[in-house]
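In: coordinates only, sequence not included:
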Ligand SMILES: [Zn+2]
């Protein structure tokens with residue numbers, strides 16, 4: 001259950017950030033998951049659904065963007081999508097020095113939320 005602990009960590013990050021910003025209801029979370037990140041989108045979604053039942057995540061929508069694996073050629077600077085992360089010669093110039101450009105991503109791109117109590121001024125005037 002690799003994805004369960006990953007999702008729990010990401011939800012903790014959001015929970016802490018939301019608390020600092022007086023947000024007590026999350027409405028949307030956007031994750032970017034590279035195909036090399038070893039995290040499966042449907043497993044992350046399952047983990048999220050199993051943990052979001054109570055608290056600030058109850059009505060949150062989870063968006064997951066999957067990033068293809070792509071390589072970049074240092075010689076002609078072209079970038080191209082590949083199926084697997086090794087031995088991918090540049091299709092433009094034939095160079096073998098190509099390296100991974102995308103596919104390792106695993107991050108929260110953004111989250112949205114609001115305060116169900118509204119933003120009220122502090123009566124102490126502080
Ligand atoms: Zn090239």
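Out: Received the coordinates, thanks. All of these numbers come straight from a predicted model, not from anything done at the bench.
In: Buried ones in the lengthiest helix in the chain, by neighbour count?
Out: The longest helix of the chain (DSSP state H) is helix 2-20. For helix 2-20, the neighbour count (16 or more other C-beta atoms under 10 Å) marks 3, 6-7, 10-11, 14, 18 as buried. (C-beta placed from N, C-alpha, C; glycine too.)
In: got the contact list for the residue nearest the centre of the chain?
Out: In the chain, the residue lying closest to the centroid (C-alpha atoms, centre = their mean) is residue 31, at 2.5 Å. Residues near residue 31 by C-beta atoms under 8 Å, 6 or more residues apart in numbering: 10, 44, 62-65, 106-109.
In: Just put these in a markdown table and tack on pLDDT and distance to residue 25.
Out: Formatted as a markdown table, the contacts of residue 31 follow (pLDDT from 0 to 100; distance: C-beta to C-beta, whole Å):
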| residue | pLDDT | distance to residue 25 |
| --- | --- | --- |
| 10 | 97 | 17 |
| 44 | 97 | 21 |
| 62 | 98 | 15 |
| 63 | 98 | 17 |
| 64 | 97 | 21 |
| 65 | 97 | 23 |
| 106 | 95 | 25 |
| 107 | 96 | 22 |
| 108 | 97 | 17 |
| 109 | 98 | 19 |
